[in-house]
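Enquirer: sequence first, predicted model second:
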Amino acid sequence: CAMKYSGIENYFDIIARNHKRVHDEGSGEIIIRHLVMPGHIECCSKPILDYIAKELPNVVVNLMSQYRPQWKSFEYPEINCKPTSQEIQEVKNYASRLGILYKPVS
């Protein structure tokens, strides 16, 4: 999805590598912020949370629900809306089932 909406190749691979490197160095608490996108629970949120649960135990995840359509989102009807409360709750429930600690972070 990063390629489609932002033109970024290998986004997940690069982010995963960087998070894993910091995690493995043990340089302190890691907080991963994940912006929940409308319609992207199965393709984005769940795979990301699966990765975190498997590869980055004990990190804190900030599940962000504040996505608001801006700029060129009107070109993509599927993201030209806010995530629903059901989508947000589905992601939180999934994170809980995986044993991921999620909390608001300011």
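Expert: Alright, I've got the coordinates. Predicted, not measured: the structure shown is a model, and the values here were computed from it. Numbers count the residues shown, from 1 in each chain.
Enquirer: and the contacts of stretch 86-98?
Expert: 36, 38-39, 41, 45-46, 49-50, 52-53, 61, 63, 65, 102 (Cβ atoms under 8 Å, 6 or more residues apart in numbering). To be clear about C-beta, it is placed using only N, CA and C from the backbone, and glycine gets the same treatment.
Enquirer: which parts of it are buried?
Expert: E87, I88, E90, V91, K92, Y94, A95 (16 or more other Cβ atoms under 10 Å).
Enquirer: how about those in TSV, adding distance to S6, pLDDT and secondary structure?
Expert: Output for the buried residues of stretch 86-98, formatted as TSV (distance: Cβ to Cβ, whole Å; pLDDT from 0 to 100; DSSP: H, G, I helix; E, B strand; the rest coil):
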residue	distance to S6	pLDDT	secondary structure
E87	20	97	helix
I88	22	96	helix
E90	24	98	helix
V91	20	97	helix
K92	25	96	helix
Y94	24	98	helix
A95	24	97	helix
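Enquirer: from the contacts of stretch 86-98, which land in helices?
Expert: When those are checked against helices (DSSP state H), the matches are K46, L49, D50, I52, A53.
Enquirer: list the residues that contact the residue nearest the centre of the chain.
Expert: The C-alpha lying nearest the average C-alpha coordinate of the chain belongs to H34 (Cα atoms, centre = their mean; 3.1 Å). By Cβ under 8 Å, 6+ apart, the residues touching H34 are S45, I48, L49, V61, N62, L63, M64.
Enquirer: name the single longest helix found in this protein.
Expert: Counting by DSSP H, the longest helix found in the chain is helix 11-25.
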